[in-house]
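> structure for the following, please:
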Amino acid sequence: MDTVRKQHIIIVDDATAKDPFLKMILSAAVPGNLKVDITTVEDAKNVLEKADDRVVILVKKPEPLVKMVESGAIKPEKVILGGMSS
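Residues are numbered from 1 along each chain as shown. The predicted structure follows:
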């Protein structure tokens, strides 16, 4: 029997993680069947270690992603770039 793992969205952005209102808005926008965590770059490794689902990491800019790779927090199979704001 095939098992379907839930998908887990992890938003990594220091400013967003420290803004309770923005976190509430983003969390409310995610469909109920998906788990969402909003975290700082520093705490991302801990959140990722606890994840037992398929994970999608969202960042506003490439710098947090580079920091996570350099720290060993992630080893991405693939990176998809698009729609980055200035």
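> in the protein, what helix or strand scores lowest on average pLDDT?
strand 54-58 (a mean of 89; mean pLDDT, DSSP states H and E).
> just give the nearest non-adjacent residue to residue 35, would you?
With sequence-adjacent residues excluded and distances taken as Cβ to Cβ, 6 or more residues apart in numbering, residue 35 is closest to residue 8, at 4.5 Å. Bear in mind the C-beta positions are built from the backbone N, C-alpha and C, glycine included.
> wait, a helix at that neighbour?
No. Counting by DSSP: H, G, I helix; E, B strand; the rest coil, residue 8 is not found in a helix; it is strand.
> where's it relative to residue 70, distance?
Relative to residue 70, residue 8 is positioned 23 Å away (Cβ to Cβ, to the nearest Å).
> between those two, which has more neighbouring residues?
Comparing residue 8 with residue 70 by other Cβ atoms under 10 Å, the one with more neighbours is residue 8, at 19 against 9.
> residues in contact with that one?
By Cβ atoms under 8 Å, 6 or more residues apart in numbering, residue 8 lies in contact with 34, 35, 36, 37, 51, 53, 54, 55, 56.
> one more: residue 76?
57, 65, 69.
> and the pLDDT for it?
Per-residue pLDDT puts residue 76 at 85.
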